[in-house]
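>>> Predicted model and sequence follow; I will ask about them next.
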Amino acid sequence: MKTSSFIRKLLCFSAIAISPFWHTYAANIYHSHENMRQTARNLIEEQLNNPESEVKQFRITFGKIDSRLQFPRCDIPLIAFWPKGSRYQGRTTVGVECTGKNFWKYYLSAKIQIIEKAVISNRRLNRGEVISTGDLTTIEVDITQVRGAAFSDIHEVAGTRVKRTISRNQMIIPAQICAVCRGDRVKISANTETVAVQIDGTARQDGIVGDSILVENLSSRRTIEARITGIGQVQVNL
């Protein structure tokens with residue numbers, strides 16, 4: 001019994017003594033999972049920080065790598081790459097590989113959140129109401145989770161009319177509002193290089209600033225296409 005107890009204690013002591021040396025040894029022959037994630041992160045950040053990218057703020061998270069997986073240390077720096085079909089936002093996949101003597105390749109699951117400001121309502125807004133700046137505020141959202149376009153500036157929404165009831169704290173999207181609504185009286189601006197004319201008209205369609213809609217010229221009774229430039233304002237180019 002005493003011998004057995006002594007052996008158990010000796011084995012326990014040996015495991016404790018060897019453990020730090022094993023971790024040091026493993027670190028020298030295997031790549032850490034964190035190092036692989038950082039390699040993938042560098043690739044994503046390079047893509048999103050590209051001068052041609054319109055992304056200003058983002059967050060990156062990676063899926064868990066099975067702790068039992070070990071990747072032999074590469075004799076050259078690891079390389080990250082975008083597998084065919086990978087997206088630069090939302091849920092995606094990033095590859096990491098060693099192209100040296102100990103060749104291996106692994107695919108990490110990643111989630112890239114694109115953070116932007118979005119306009120939301122401070123209160124319930126009923127159909128037909130004209131929205132004021134006091135009805136609105138902005139929050140930060142992950143636009144990869146947003147269906148449809150969102151407004152980032154309160155002034156893009158203020159002055160528009162509600163087409164569909166908007167709940168309190170709900171993000172506002174173009175389909176819910178109109179800067180010019182069907183049946184509205186509008187001012188039609190017709191510009192040439194030398195002349196600017198403004199006439200009255202009636203909107204035949206809903207739209208927001210930048211949309212092209214059909215309007216009726218009340219003088220000629222002709223229906224023409226015009227671009228919305230502001231609340232109750234449209235423009236045609238002659």
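Perfect, I can see it now.

>>> which residues of the protein score low on pLDDT?
Within the chain, the segments meeting pLDDT under 70 span 1-28, 238.

>>> ranges for the helices of it?
Secondary structure of the chain (DSSP state H): helices at 2-29, 33-48.

>>> what about L125, how many residues close to it?
24 (other C-beta atoms under 10 Å). To be clear about C-beta, it is placed using only N, CA and C from the backbone, and glycine gets the same treatment.

>>> Repeat that for the one 10 residues further on.
Here the count is done by other C-beta under 10 Å, and D135 has 22 residues near it.

>>> same question, A150
If we define neighbours as other C-beta under 10 Å, then A150 has 17 of them.

>>> And for the one 3 residues further on?
When counting by other C-beta under 10 Å, one arrives at 11 neighbours for D153.

>>> can you list the residues that contact stretch 118-129?
131, 134-141, 143, 146, 150-154, 156-157, 161-172 (C-beta atoms under 8 Å, 6 or more residues apart in numbering).

>>> Separate out the buried members of the residues you listed.
Burial by neighbour count, 16 or more other C-beta atoms under 10 Å: within the contacts of stretch 118-129 this picks out 131, 135-136, 141, 143, 150-151, 154, 156-157, 161-163, 166, 171-172.

>>> Just name the closest of those to V94, please.
I143 (20.1 Å; C-beta to C-beta).

>>> can you pull the contacts of the closest one?
Here I143 is in contact with I114, I115, E116, A118, A150 (C-beta under 8 Å, 6+ apart).

>>> Can you turn the buried part of those into a ChimeraX selection?
A single ChimeraX command is used to select the members of the contacts of I143 judged buried by 16+ other C-beta under 10 Å:
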select :114,116,118,150
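
>>> ok, which stretches of this structure are strands?
For the chain, the strands defined by DSSP state E cover 30-31, 58-62, 71-72, 79-81, 90-98, 104-121, 136-142, 161-162, 177-178, 185-191, 196-203, 212-217, 223-230, 233-237.

>>> Specify the beta-bridge partners of N217.
G201 (DSSP bridges).

>>> what's the spacing between it and R204?
Distance from N217 to R204, counting by C-beta to C-beta, to the nearest Å: 11 Å.

>>> ok, now Y106?
58 Å.

>>> go on, R37?
Taking C-beta to C-beta, one finds R37 at 55 Å from R204.

>>> who's more crowded, the two?
Between R37 and R204, counting by other C-beta under 10 Å, R37 is the more crowded of the two (20 against 15).

>>> Run a quick check on the more buried one versus L108, I expect a contact.
Yes - between R37 and L108 there is a contact at 6.7 Å, judged by C-beta atoms under 8 Å.

>>> any common contacting residues for the two?
Listed contacts common to R37 and L108 are F62, I65; contacts here mean C-beta under 8 Å, 6+ apart.

>>> what sits opposite A196 in the beta ladder?
With DSSP bridges as the rule, A196 is bridged to N191.

>>> wait, doesn't it sit right on I188?
No - A196 is beyond contact range of I188, at 11.5 Å (criterion: C-beta under 8 Å).

>>> Looking at those two, which one has more neighbours?
For A196 versus I188, the count of surrounding residues by other C-beta under 10 Å is larger for I188: 22 against 10.

>>> Now the more buried one. Nearest residue, chain neighbours left out?
Spatial nearest neighbour of I188, chain neighbours left out: G201 (4.4 Å); criterion: C-beta to C-beta, 6 or more residues apart in numbering.
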